[in-house]
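1. Fold the following, please.
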Amino acid sequence: MATTPGILTDWPWKNLGSFKHMILAPWAIHSTYSFMVKEKSERDLGYFLIFPFLLLRMLHNQIWISFSRYRTAKGNNRIVDKGIEFEQVDRESNWDDQIVFNGLIFYVVYTITSLGSHFPFWRTDGVIITMLLHAGPVEFLYYWLHRLLHHHYLYNRYHSHHHSSIATEPITSVIHPFAEHIAYFTLFAIPLTTTLVTRTASIVSFAGYVTYIDLMNNMGHCNFEFIPKTLFSIFPPLKFIMYTPSFHSLHHTQFRTNYSLFMPLYDYIYDTVDKCSDTLYEASLRRQEDSPEVVHLMHLTTPESIYYLPFGFASLASKPYTCNWYLWFLCPVTILWSVIMSSIYGHTFISERNTFNTLKSQSWVVPRYRIQYLFQRQREAINGLIEEAIIEADKRGVKVLTLGLLNQGEELNRNGEIYLQKNTWLKIKVVDGSSLTVAVVLNSIPQGTTQVLLRGNLTKVAYAVAFALCQRGIQGGHNIWGLYSHGYLLSGKKLYVRIIR
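-> Alright, predicted model coming up:
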(Lines give C-alpha, C1' and ligand atoms only; values in the text may rest on other atoms or scores of the structure.)
Protein backbone atom coordinates (compact mmCIF):
# COMPACT_ATOMS: atom_id res chain seq x y z
CA MET A 1 0.00 0.00 0.00
CA ALA A 2 1.21 3.51 -0.80
CA THR A 3 2.35 5.79 2.05
CA THR A 4 -0.77 7.96 1.69
CA PRO A 5 -3.14 6.08 -0.64
CA GLY A 6 -4.83 8.28 -3.24
CA ILE A 7 -8.08 7.79 -5.13
CA LEU A 8 -8.38 4.69 -7.34
CA THR A 9 -5.71 2.88 -5.35
CA ASP A 10 -7.66 -0.36 -4.91
CA TRP A 11 -8.83 -2.53 -7.78
CA PRO A 12 -12.63 -2.42 -8.31
CA TRP A 13 -12.91 -6.17 -7.71
CA LYS A 14 -10.72 -6.30 -4.59
CA ASN A 15 -13.55 -7.66 -2.42
CA LEU A 16 -14.24 -10.52 -4.85
CA GLY A 17 -11.01 -12.35 -3.97
CA SER A 18 -10.36 -15.30 -6.25
CA PHE A 19 -13.82 -14.89 -7.78
CA LYS A 20 -12.54 -11.82 -9.67
CA HIS A 21 -11.76 -14.10 -12.61
CA MET A 22 -15.49 -14.73 -13.01
CA ILE A 23 -15.79 -11.20 -14.42
CA LEU A 24 -14.39 -12.53 -17.69
CA ALA A 25 -16.56 -15.67 -17.71
CA PRO A 26 -19.48 -14.31 -19.82
CA TRP A 27 -17.17 -13.19 -22.63
CA ALA A 28 -15.01 -16.31 -22.46
CA ILE A 29 -18.10 -18.53 -22.74
CA HIS A 30 -19.64 -16.42 -25.50
CA SER A 31 -16.44 -16.31 -27.60
CA THR A 32 -15.99 -20.08 -27.33
CA TYR A 33 -19.65 -20.78 -28.14
CA SER A 34 -19.64 -18.41 -31.13
CA PHE A 35 -16.49 -19.95 -32.53
CA MET A 36 -17.95 -23.46 -32.28
CA VAL A 37 -21.43 -22.83 -33.74
CA LYS A 38 -20.75 -20.27 -36.48
CA GLU A 39 -19.79 -21.12 -40.01
CA LYS A 40 -16.08 -21.14 -40.76
CA SER A 41 -16.27 -17.89 -42.73
CA GLU A 42 -18.02 -16.11 -39.85
CA ARG A 43 -15.73 -17.23 -37.04
CA ASP A 44 -13.63 -14.58 -35.37
CA LEU A 45 -10.32 -16.18 -34.37
CA GLY A 46 -9.09 -13.04 -32.58
CA TYR A 47 -12.15 -12.88 -30.32
CA PHE A 48 -11.89 -16.59 -29.55
CA LEU A 49 -8.17 -16.39 -28.68
CA ILE A 50 -8.47 -13.60 -26.09
CA PHE A 51 -9.21 -15.94 -23.19
CA PRO A 52 -6.52 -18.58 -24.04
CA PHE A 53 -4.06 -15.70 -24.46
CA LEU A 54 -4.87 -14.41 -20.97
CA LEU A 55 -4.24 -17.90 -19.57
CA LEU A 56 -0.92 -18.06 -21.42
CA ARG A 57 0.06 -14.71 -19.89
CA MET A 58 -0.61 -16.10 -16.41
CA LEU A 59 1.49 -19.16 -17.20
CA HIS A 60 4.25 -16.96 -18.62
CA ASN A 61 4.36 -14.89 -15.44
CA GLN A 62 4.31 -17.95 -13.17
CA ILE A 63 7.27 -19.45 -15.07
CA TRP A 64 9.22 -16.26 -14.45
CA ILE A 65 8.29 -16.31 -10.75
CA SER A 66 9.46 -19.92 -10.35
CA PHE A 67 12.64 -19.42 -12.36
CA SER A 68 13.52 -16.25 -10.45
CA ARG A 69 13.02 -17.76 -6.99
CA TYR A 70 15.10 -20.80 -7.90
CA ARG A 71 17.95 -18.66 -9.25
CA THR A 72 17.77 -16.27 -6.29
CA ALA A 73 17.98 -19.23 -3.89
CA LYS A 74 21.17 -20.42 -5.60
CA GLY A 75 22.67 -16.96 -5.22
CA ASN A 76 24.85 -16.74 -8.31
CA ASN A 77 24.62 -13.43 -10.20
CA ARG A 78 22.37 -12.03 -7.46
CA ILE A 79 22.10 -8.22 -7.53
CA VAL A 80 20.61 -7.12 -4.19
CA ASP A 81 21.70 -9.22 -1.24
CA LYS A 82 18.35 -9.13 0.52
CA GLY A 83 15.71 -11.80 1.00
CA ILE A 84 12.03 -11.71 0.06
CA GLU A 85 9.88 -11.10 3.12
CA PHE A 86 6.45 -12.68 3.62
CA GLU A 87 4.94 -9.19 3.58
CA GLN A 88 6.25 -8.65 0.05
CA VAL A 89 4.92 -12.01 -1.14
CA ASP A 90 1.48 -11.16 0.24
CA ARG A 91 1.55 -7.65 -1.23
CA GLU A 92 2.42 -9.01 -4.67
CA SER A 93 -0.06 -11.89 -4.62
CA ASN A 94 -2.59 -9.93 -6.73
CA TRP A 95 -0.28 -9.80 -9.77
CA ASP A 96 -2.99 -11.24 -12.02
CA ASP A 97 -5.26 -8.20 -11.48
CA GLN A 98 -3.66 -6.44 -14.43
CA ILE A 99 -4.34 -9.46 -16.67
CA VAL A 100 -8.01 -9.42 -15.68
CA PHE A 101 -8.04 -5.65 -16.35
CA ASN A 102 -6.47 -6.04 -19.80
CA GLY A 103 -8.83 -8.88 -20.71
CA LEU A 104 -11.83 -6.81 -19.66
CA ILE A 105 -10.72 -3.93 -21.91
CA PHE A 106 -10.08 -6.25 -24.87
CA TYR A 107 -13.56 -7.78 -24.57
CA VAL A 108 -15.29 -4.40 -24.11
CA VAL A 109 -13.53 -2.89 -27.14
CA TYR A 110 -14.53 -5.89 -29.24
CA THR A 111 -18.15 -5.60 -28.06
CA ILE A 112 -18.68 -1.86 -28.63
CA THR A 113 -16.76 -1.36 -31.88
CA SER A 114 -16.26 -3.25 -35.09
CA LEU A 115 -12.59 -2.22 -35.30
CA GLY A 116 -11.55 -5.12 -33.08
CA SER A 117 -13.28 -7.88 -35.04
CA HIS A 118 -11.91 -10.34 -37.59
CA PHE A 119 -8.22 -9.55 -37.31
CA PRO A 120 -5.93 -11.15 -39.88
CA PHE A 121 -3.30 -13.41 -38.35
CA TRP A 122 -0.36 -11.33 -39.69
CA ARG A 123 0.25 -7.92 -41.23
CA THR A 124 3.82 -6.71 -41.70
CA ASP A 125 2.91 -3.01 -41.75
CA GLY A 126 1.05 -3.34 -38.45
CA VAL A 127 4.02 -5.03 -36.77
CA ILE A 128 6.39 -2.28 -37.99
CA ILE A 129 4.03 0.50 -36.84
CA THR A 130 3.76 -1.13 -33.41
CA MET A 131 7.55 -1.32 -33.05
CA LEU A 132 8.12 2.28 -34.13
CA LEU A 133 5.37 3.71 -31.93
CA HIS A 134 6.71 1.84 -28.91
CA ALA A 135 10.30 2.99 -29.44
CA GLY A 136 9.15 6.58 -29.97
CA PRO A 137 6.02 7.92 -28.20
CA VAL A 138 5.53 5.10 -25.67
CA GLU A 139 9.09 5.03 -24.32
CA PHE A 140 9.36 8.84 -24.33
CA LEU A 141 6.03 9.45 -22.58
CA TYR A 142 6.65 6.65 -20.07
CA TYR A 143 10.00 8.19 -19.11
CA TRP A 144 8.39 11.51 -18.23
CA LEU A 145 5.36 9.90 -16.60
CA HIS A 146 7.73 7.87 -14.44
CA ARG A 147 9.66 10.97 -13.41
CA LEU A 148 6.35 12.66 -12.60
CA LEU A 149 5.35 9.71 -10.40
CA HIS A 150 8.49 10.34 -8.36
CA HIS A 151 7.25 13.79 -7.42
CA HIS A 152 6.56 13.59 -3.68
CA TYR A 153 2.79 14.18 -4.11
CA LEU A 154 2.23 11.30 -6.56
CA TYR A 155 4.95 9.13 -5.07
CA ASN A 156 3.39 9.12 -1.60
CA ARG A 157 -0.10 8.45 -2.98
CA TYR A 158 0.69 5.90 -5.67
CA HIS A 159 4.19 4.94 -6.78
CA SER A 160 5.60 4.23 -3.30
CA HIS A 161 3.51 1.03 -3.35
CA HIS A 162 5.67 -0.32 -6.18
CA HIS A 163 8.90 0.84 -4.51
CA SER A 164 8.07 -1.00 -1.30
CA SER A 165 9.98 -3.90 -2.90
CA ILE A 166 13.72 -3.25 -2.77
CA ALA A 167 14.72 -6.80 -3.70
CA THR A 168 12.45 -7.23 -6.68
CA GLU A 169 10.88 -10.31 -8.23
CA PRO A 170 9.65 -10.52 -11.85
CA ILE A 171 6.08 -9.96 -10.80
CA THR A 172 7.00 -6.81 -8.86
CA SER A 173 6.82 -5.14 -12.27
CA VAL A 174 3.00 -5.11 -12.28
CA ILE A 175 2.37 -4.31 -8.62
CA HIS A 176 0.91 -0.83 -8.85
CA PRO A 177 -2.27 0.91 -7.68
CA PHE A 178 -5.22 0.72 -10.05
CA ALA A 179 -4.81 4.38 -11.11
CA GLU A 180 -1.23 3.73 -12.26
CA HIS A 181 -2.34 0.77 -14.35
CA ILE A 182 -4.89 2.98 -16.10
CA ALA A 183 -2.09 5.40 -17.01
CA TYR A 184 0.24 2.62 -18.17
CA PHE A 185 -2.42 0.93 -20.29
CA THR A 186 -3.21 4.27 -21.89
CA LEU A 187 0.43 4.50 -22.98
CA PHE A 188 0.62 0.92 -24.21
CA ALA A 189 -2.63 1.41 -26.08
CA ILE A 190 -1.01 3.97 -28.40
CA PRO A 191 0.41 1.35 -30.83
CA LEU A 192 -2.63 -0.91 -30.42
CA THR A 193 -5.18 1.84 -31.07
CA THR A 194 -3.20 3.22 -33.99
CA THR A 195 -3.11 -0.13 -35.77
CA LEU A 196 -6.83 -0.58 -35.06
CA VAL A 197 -7.74 2.79 -36.58
CA THR A 198 -5.45 2.33 -39.59
CA ARG A 199 -6.77 -1.22 -40.13
CA THR A 200 -3.24 -2.66 -39.90
CA ALA A 201 -3.77 -4.63 -36.69
CA SER A 202 -3.27 -8.37 -36.60
CA ILE A 203 -3.37 -11.16 -34.04
CA VAL A 204 0.44 -11.32 -34.06
CA SER A 205 0.93 -7.55 -33.58
CA PHE A 206 -1.48 -7.48 -30.62
CA ALA A 207 -0.36 -10.69 -28.91
CA GLY A 208 3.30 -10.10 -29.75
CA TYR A 209 3.33 -6.58 -28.31
CA VAL A 210 1.63 -7.57 -25.04
CA THR A 211 3.96 -10.58 -24.72
CA TYR A 212 6.96 -8.30 -25.30
CA ILE A 213 5.78 -6.02 -22.47
CA ASP A 214 5.33 -9.00 -20.13
CA LEU A 215 8.72 -10.45 -21.08
CA MET A 216 10.65 -7.22 -20.56
CA ASN A 217 8.79 -6.36 -17.36
CA ASN A 218 9.54 -9.77 -15.84
CA MET A 219 13.13 -9.86 -17.04
CA GLY A 220 13.95 -6.37 -15.79
CA HIS A 221 12.69 -7.06 -12.27
CA CYS A 222 14.68 -10.25 -11.66
CA ASN A 223 17.09 -9.97 -8.75
CA PHE A 224 19.87 -11.65 -10.70
CA GLU A 225 21.80 -10.69 -13.80
CA PHE A 226 21.79 -13.07 -16.74
CA ILE A 227 22.08 -10.93 -19.89
CA PRO A 228 25.48 -12.01 -21.32
CA LYS A 229 28.12 -9.34 -21.83
CA THR A 230 28.80 -10.81 -25.27
CA LEU A 231 25.57 -9.29 -26.63
CA PHE A 232 26.73 -5.77 -25.84
CA SER A 233 30.20 -6.50 -27.22
CA ILE A 234 28.81 -7.71 -30.54
CA PHE A 235 26.27 -4.89 -30.84
CA PRO A 236 27.25 -1.90 -28.60
CA PRO A 237 24.13 0.22 -29.39
CA LEU A 238 22.08 -2.50 -27.66
CA LYS A 239 22.75 -0.76 -24.32
CA PHE A 240 20.51 2.10 -25.50
CA ILE A 241 17.55 -0.03 -26.58
CA MET A 242 17.46 -2.85 -23.98
CA TYR A 243 17.86 -2.57 -20.24
CA THR A 244 19.13 -5.28 -17.90
CA PRO A 245 17.94 -6.47 -14.46
CA SER A 246 20.87 -4.72 -12.75
CA PHE A 247 20.10 -1.46 -14.59
CA HIS A 248 16.53 -1.35 -13.30
CA SER A 249 17.50 -2.69 -9.88
CA LEU A 250 19.40 0.55 -9.30
CA HIS A 251 16.14 2.43 -9.78
CA HIS A 252 14.66 0.47 -6.86
CA THR A 253 17.66 1.12 -4.62
CA GLN A 254 18.58 4.69 -5.66
CA PHE A 255 15.08 5.91 -6.68
CA ARG A 256 16.23 8.97 -8.67
CA THR A 257 18.01 7.29 -11.58
CA ASN A 258 17.29 4.86 -14.43
CA TYR A 259 13.68 5.89 -15.09
CA SER A 260 13.34 4.32 -18.56
CA LEU A 261 10.75 1.69 -19.41
CA PHE A 262 12.73 -0.87 -21.43
CA MET A 263 15.04 1.37 -23.49
CA PRO A 264 17.71 3.29 -21.49
CA LEU A 265 18.07 5.74 -24.42
CA TYR A 266 16.09 8.48 -22.68
CA ASP A 267 18.08 8.12 -19.46
CA TYR A 268 21.22 8.76 -21.50
CA ILE A 269 19.61 11.70 -23.31
CA TYR A 270 18.42 13.40 -20.11
CA ASP A 271 21.46 12.37 -18.02
CA THR A 272 19.61 10.26 -15.44
CA VAL A 273 21.67 7.09 -15.89
CA ASP A 274 23.08 5.86 -12.59
CA LYS A 275 26.88 6.06 -12.65
CA CYS A 276 27.09 2.59 -11.08
CA SER A 277 25.06 0.89 -13.85
CA ASP A 278 28.01 -0.68 -15.69
CA THR A 279 29.89 -1.53 -12.49
CA LEU A 280 26.90 -3.29 -10.91
CA TYR A 281 26.19 -5.16 -14.15
CA GLU A 282 29.71 -6.59 -14.33
CA ALA A 283 29.88 -7.33 -10.59
CA SER A 284 26.56 -9.22 -10.73
CA LEU A 285 27.73 -11.33 -13.66
CA ARG A 286 30.88 -12.29 -11.72
CA ARG A 287 29.08 -13.16 -8.49
CA GLN A 288 29.44 -16.82 -7.57
CA GLU A 289 26.89 -19.17 -6.05
CA ASP A 290 26.36 -18.88 -2.31
CA SER A 291 28.27 -21.10 0.11
CA PRO A 292 25.96 -21.54 3.10
CA GLU A 293 27.07 -22.62 6.55
CA VAL A 294 24.07 -24.90 7.14
CA VAL A 295 22.14 -27.08 4.68
CA HIS A 296 18.86 -28.82 5.46
CA LEU A 297 18.34 -31.84 3.22
CA MET A 298 14.69 -32.76 2.74
CA HIS A 299 12.69 -34.62 0.09
CA LEU A 300 9.40 -34.36 -1.76
CA THR A 301 6.38 -36.05 -0.23
CA THR A 302 3.95 -36.43 -3.15
CA PRO A 303 4.12 -35.43 -6.83
CA GLU A 304 1.96 -32.38 -6.03
CA SER A 305 4.32 -31.24 -3.27
CA ILE A 306 6.53 -29.53 -5.87
CA TYR A 307 3.87 -26.80 -6.11
CA TYR A 308 4.17 -26.12 -2.36
CA LEU A 309 7.86 -25.22 -2.53
CA PRO A 310 8.88 -21.53 -2.46
CA PHE A 311 9.25 -21.41 -6.25
CA GLY A 312 5.82 -23.00 -6.71
CA PHE A 313 2.55 -21.28 -5.87
CA ALA A 314 2.68 -18.88 -2.92
CA SER A 315 -0.99 -19.53 -2.15
CA LEU A 316 -0.22 -23.24 -1.69
CA ALA A 317 3.08 -22.75 0.16
CA SER A 318 1.20 -20.81 2.85
CA LYS A 319 -1.19 -23.76 3.37
CA PRO A 320 1.01 -26.88 3.15
CA TYR A 321 -1.53 -29.42 4.35
CA THR A 322 -4.43 -28.48 2.09
CA CYS A 323 -5.41 -30.06 -1.21
CA ASN A 324 -6.90 -27.82 -3.89
CA TRP A 325 -9.25 -29.07 -6.59
CA TYR A 326 -7.49 -27.22 -9.41
CA LEU A 327 -4.33 -29.33 -8.89
CA TRP A 328 -6.20 -32.16 -10.61
CA PHE A 329 -6.09 -30.15 -13.83
CA LEU A 330 -2.31 -29.98 -13.50
CA CYS A 331 -1.94 -33.78 -13.45
CA PRO A 332 -0.27 -33.96 -16.91
CA VAL A 333 2.23 -31.29 -15.88
CA THR A 334 2.76 -32.99 -12.52
CA ILE A 335 3.49 -36.35 -14.14
CA LEU A 336 5.89 -34.75 -16.64
CA TRP A 337 7.65 -32.88 -13.86
CA SER A 338 7.95 -36.11 -11.84
CA VAL A 339 9.62 -37.89 -14.75
CA ILE A 340 12.04 -34.99 -15.27
CA MET A 341 13.00 -34.71 -11.60
CA SER A 342 13.21 -38.44 -10.84
CA SER A 343 14.62 -39.86 -14.06
CA ILE A 344 16.28 -37.13 -16.12
CA TYR A 345 17.60 -34.53 -13.67
CA GLY A 346 18.37 -36.94 -10.83
CA HIS A 347 20.19 -34.55 -8.48
CA THR A 348 19.30 -32.61 -5.37
CA PHE A 349 18.26 -29.02 -6.04
CA ILE A 350 18.12 -25.84 -3.96
CA SER A 351 14.67 -24.91 -2.72
CA GLU A 352 15.29 -21.78 -0.66
CA ARG A 353 17.86 -19.80 1.26
CA ASN A 354 17.57 -17.99 4.58
CA THR A 355 19.79 -15.73 6.63
CA PHE A 356 19.54 -15.61 10.42
CA ASN A 357 21.64 -12.62 11.47
CA THR A 358 24.97 -13.69 9.93
CA LEU A 359 24.16 -17.41 9.61
CA LYS A 360 23.43 -18.44 6.00
CA SER A 361 21.37 -21.56 5.38
CA GLN A 362 19.86 -23.33 2.40
CA SER A 363 17.26 -26.05 1.95
CA TRP A 364 18.12 -28.75 -0.58
CA VAL A 365 15.59 -31.23 -1.92
CA VAL A 366 16.15 -34.86 -2.88
CA PRO A 367 13.93 -35.48 -5.96
CA ARG A 368 12.25 -38.55 -4.49
CA TYR A 369 8.80 -39.04 -2.99
CA ARG A 370 7.82 -40.42 0.38
CA ILE A 371 6.44 -43.65 -1.09
CA GLN A 372 9.77 -44.39 -2.78
CA TYR A 373 11.50 -44.53 0.60
CA LEU A 374 9.32 -47.53 1.50
CA PHE A 375 10.68 -49.76 -1.29
CA GLN A 376 13.86 -51.77 -0.71
CA ARG A 377 14.93 -51.47 -4.35
CA GLN A 378 14.91 -47.66 -4.14
CA ARG A 379 17.18 -47.39 -1.11
CA GLU A 380 20.48 -47.68 -2.96
CA ALA A 381 19.54 -44.89 -5.38
CA ILE A 382 18.24 -42.67 -2.56
CA ASN A 383 21.37 -43.23 -0.49
CA GLY A 384 23.42 -42.34 -3.56
CA LEU A 385 21.60 -39.02 -3.90
CA ILE A 386 22.02 -38.22 -0.21
CA GLU A 387 25.71 -39.13 -0.25
CA GLU A 388 26.23 -37.01 -3.36
CA ALA A 389 24.58 -34.05 -1.61
CA ILE A 390 26.76 -34.49 1.50
CA ILE A 391 29.96 -34.58 -0.57
CA GLU A 392 28.86 -31.54 -2.59
CA ALA A 393 28.07 -29.62 0.60
CA ASP A 394 31.47 -30.55 2.04
CA LYS A 395 33.21 -29.24 -1.10
CA ARG A 396 31.35 -25.92 -0.75
CA GLY A 397 32.55 -25.50 2.81
CA VAL A 398 29.22 -26.18 4.50
CA LYS A 399 29.73 -26.76 8.23
CA VAL A 400 26.54 -28.65 9.10
CA LEU A 401 24.10 -30.70 7.02
CA THR A 402 20.87 -31.85 8.64
CA LEU A 403 18.98 -34.88 7.34
CA GLY A 404 15.28 -34.10 7.28
CA LEU A 405 12.19 -36.30 7.11
CA LEU A 406 12.93 -39.83 5.86
CA ASN A 407 16.48 -39.00 4.77
CA GLN A 408 17.65 -39.97 8.25
CA GLY A 409 15.83 -43.30 8.55
CA GLU A 410 17.49 -45.97 10.63
CA GLU A 411 16.67 -48.68 8.09
CA LEU A 412 17.82 -46.46 5.22
CA ASN A 413 21.22 -45.26 6.41
CA ARG A 414 21.40 -45.78 10.20
CA ASN A 415 20.63 -42.12 10.81
CA GLY A 416 23.35 -41.01 8.38
CA GLU A 417 26.09 -43.06 9.99
CA ILE A 418 26.94 -45.04 6.82
CA TYR A 419 27.95 -41.87 4.95
CA LEU A 420 30.49 -40.91 7.61
CA GLN A 421 31.91 -44.43 7.76
CA LYS A 422 32.27 -44.59 3.98
CA ASN A 423 33.77 -41.11 3.62
CA THR A 424 36.02 -40.70 6.65
CA TRP A 425 37.68 -37.62 5.13
CA LEU A 426 34.53 -35.50 5.40
CA LYS A 427 34.85 -32.33 7.46
CA ILE A 428 31.13 -31.56 7.45
CA LYS A 429 28.96 -32.46 10.43
CA VAL A 430 25.96 -34.62 9.44
CA VAL A 431 23.09 -34.23 11.89
CA ASP A 432 20.07 -36.54 11.84
CA GLY A 433 17.81 -34.44 14.03
CA SER A 434 17.52 -37.04 16.77
CA SER A 435 18.76 -34.65 19.49
CA LEU A 436 16.07 -32.15 18.52
CA THR A 437 13.43 -34.87 18.52
CA VAL A 438 14.52 -36.03 21.97
CA ALA A 439 14.31 -32.45 23.22
CA VAL A 440 10.77 -32.08 21.83
CA VAL A 441 9.66 -35.31 23.53
CA LEU A 442 11.22 -34.39 26.86
CA ASN A 443 9.82 -30.85 26.84
CA SER A 444 6.30 -32.20 26.22
CA ILE A 445 6.41 -34.21 29.46
CA PRO A 446 4.68 -32.13 32.18
CA GLN A 447 6.49 -31.19 35.37
CA GLY A 448 5.79 -33.60 38.22
CA THR A 449 5.58 -36.70 36.03
CA THR A 450 6.80 -39.79 37.93
CA GLN A 451 6.34 -42.60 35.41
CA VAL A 452 6.52 -42.85 31.61
CA LEU A 453 5.71 -45.71 29.27
CA LEU A 454 7.60 -45.85 25.96
CA ARG A 455 5.90 -47.97 23.33
CA GLY A 456 7.22 -48.57 19.80
CA ASN A 457 10.48 -49.53 18.08
CA LEU A 458 13.67 -49.32 20.11
CA THR A 459 15.41 -46.78 17.93
CA LYS A 460 18.27 -44.38 18.58
CA VAL A 461 15.75 -41.76 19.68
CA ALA A 462 13.94 -44.17 22.00
CA TYR A 463 17.20 -45.10 23.75
CA ALA A 464 18.14 -41.43 24.10
CA VAL A 465 14.72 -40.56 25.57
CA ALA A 466 14.92 -43.46 28.03
CA PHE A 467 18.44 -42.46 29.10
CA ALA A 468 17.37 -38.82 29.62
CA LEU A 469 14.35 -39.93 31.69
CA CYS A 470 16.60 -42.05 33.89
CA GLN A 471 18.82 -39.05 34.51
CA ARG A 472 15.74 -37.14 35.64
CA GLY A 473 14.78 -39.91 38.03
CA ILE A 474 11.57 -40.74 36.16
CA GLN A 475 10.56 -44.40 36.29
CA GLY A 476 9.73 -46.38 33.16
CA GLY A 477 7.42 -49.32 32.70
CA HIS A 478 5.60 -51.49 30.20
CA ASN A 479 2.01 -51.64 31.46
CA ILE A 480 1.34 -48.18 32.86
CA TRP A 481 -1.81 -46.40 31.71
CA GLY A 482 -1.31 -42.68 31.75
CA LEU A 483 -3.34 -39.57 31.76
CA TYR A 484 -1.50 -38.08 28.76
CA SER A 485 -0.63 -39.73 25.45
CA HIS A 486 1.67 -38.30 22.75
CA GLY A 487 2.68 -39.79 19.40
CA TYR A 488 5.90 -38.89 17.56
CA LEU A 489 6.91 -39.96 14.07
CA LEU A 490 10.54 -41.07 14.25
CA SER A 491 12.26 -42.34 11.10
CA GLY A 492 8.95 -43.56 9.75
CA LYS A 493 8.07 -45.36 13.01
CA LYS A 494 5.75 -44.30 15.81
CA LEU A 495 7.03 -43.69 19.34
CA TYR A 496 4.20 -43.44 21.84
CA VAL A 497 4.81 -41.74 25.18
CA ARG A 498 2.25 -42.33 27.93
CA ILE A 499 2.64 -40.33 31.10
CA ILE A 500 1.26 -40.79 34.62
CA ARG A 501 1.63 -38.40 37.51
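2. Give me the neighbour count for Gln254.
-> For Gln254, the neighbour count with other CB atoms under 10 Å is 12. For the C-beta atoms, the positions are set from N, CA and C on the backbone; glycine is no exception.
3. Which residue is the nearest non-sequential neighbour of it?
-> Nearest non-adjacent residue to Gln254, counting by CB to CB, 6 or more residues apart in numbering: Asp274, 5.7 Å away.
4. so which strand or helix has the one you found?
-> Asp274 belongs to no helix or strand when assigned by DSSP states H and E.
5. Roughly how far does it sit from Asn223?
-> According to CB to CB, to the nearest Å, Asp274 and Asn223 sit 17 Å apart.
6. quick one, which of those two is more surrounded?
-> Asn223 (28 against 19).
7. and that one, what pLDDT?
-> What the model reports for Asn223 is a pLDDT of 96.
8. Kindly indicate whether Asn354 is helix, strand or coil.
-> Classification of Asn354 using DSSP: H, G, I helix; E, B strand; the rest coil returns strand.
9. What backbone torsions are found at the nearest residue to it once chain neighbours are set aside?
-> Sequence neighbours aside, Ser361 is the residue nearest to Asn354 in space, at 5.1 Å (criterion: CB to CB, 6+ apart). Backbone geometry at Ser361, expressed as degrees, to the nearest 10, gives phi -130, psi 160.
10. And for Ser361, the neighbour number?
-> Per other CB under 10 Å, the neighbour tally for Ser361 reads 18.
11. ok, it - contacts?
-> Each residue near Ser361 by CB atoms under 8 Å, 6 or more residues apart in numbering is listed here: 292-296, 353-355.
12. Let's see that with 6 Å instead.
-> Ser361 is in contact with 292, 294, 354, counting by CB atoms under 6 Å, 6 or more residues apart in numbering.
13. so how far is Asp274 from the closest residue to Gln372 other than its chain neighbours?
-> Excluding the flanking residues, the one nearest Gln372 by CB to CB, 6+ apart is Gln378, at 4.6 Å. Distance of Gln378 to Asp274, given as CB to CB: 53 Å.
14. so how far is Arg414 from Ser435?
-> 16 Å.
15. So for those two, which residue has more residues nearby?
-> Per other CB under 10 Å, whichever of Ser435 and Arg414 has more neighbours is Arg414, with 16 against 11.
16. what's the spacing between the single longest helix found in the chain and its chain's center?
-> In the chain, with assignment by DSSP state H, the single longest helix is helix 45-74. Averaging C-alpha positions (CA atoms, centre = their mean, to the nearest Å) puts helix 45-74 12 Å from its chain's average.
17. which element follows that helix toward the C-terminus?
-> helix 86-91.
18. List the buried residues in that following helix.
-> Using 16 or more other CB atoms under 10 Å as the test for burial, helix 86-91 gives 88-89, 91.
19. Over to stretch 77-87?
-> 77-80, 84.
20. ok so, going back, could you pull up the contacting residues of the residue nearest to Gln254?
-> 250, 254, 257-258.
21. Show me the shaky parts of the protein.
-> Scanning the chain for pLDDT under 70 picks out the ranges 1, 320-321, 341-345, 476-501.
22. Show the residue spans covered by the strands in this structure.
-> Here the chain has its strands, by DSSP state E, at 294-299, 349-356, 359-366, 400-403, 429-431, 451-456, 475-477, 484-490, 493-500.
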